[in-house]
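1. Coordinates for the following, if possible.
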Amino acid sequence: NNIMSEQEVLAIIIGRTVALFPTQVVGLLQKNAVVLNAQNYNVSQLIEAVVSGLSSSESFRNDFASFVEANKELI
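-> Numbering: from 1, shown residues only. Presented below is the predicted three-dimensional model:
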């Protein structure tokens, strides 16, 4: 079965977005008050913060989705 689940696709998108755009992801996390000291986070902590933010903050979810859409050719 080569079809990826939504969760797998989301995990890849989050991982690639954090890896390629860590500074921008930190900015989105801080702008939406998901994490205030995210600039000190490593990649895995940023990924956890993004996952948390996607479930807890509608504004972060919208901003993150817009950012991914705008950069989808790189991600």
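2. Now name the helix or strand holding residue 35.
-> Assigned by DSSP states H and E, residue 35 belongs to no helix or strand.
3. List the contacts of it.
-> For residue 35, the contact set (CB atoms under 8 Å, 6 or more residues apart in numbering) comprises 29, 41, 49, 53. Using the backbone N, CA and C atoms, a C-beta is placed for each residue, glycine as well.
4. ok, now how distant is the first one from residue 64?
-> For residue 29, the distance to residue 64 equals 9 Å [CB to CB, to the nearest Å].
5. Quick check on residue 50: phi, psi?
-> phi -60, psi -50 (degrees, to the nearest 10).
6. Can you get me a residue count around it?
-> 25 (other CB atoms under 10 Å).
7. Verify the stated contact: it with residue 19.
-> No: because the distance of 11.5 Å does not satisfy CB atoms under 8 Å, residue 50 is recorded as not touching residue 19.
8. need the helices for the protein, in chain order.
-> Listed in chain order, the helices of the chain (DSSP state H) span 6-20, 22-31, 43-56, 58-70.
9. could you dump these to TSV with mean pLDDT and distance to residue 37?
-> TSV is the format used below for those (pLDDT from 0 to 100; distance: least, CB to CB, whole Å):
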stretch	mean pLDDT	distance to residue 37
helix 6-20	94	16
helix 22-31	97	8
helix 43-56	96	10
helix 58-70	98	16
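10. Cool, thanks, talk later.
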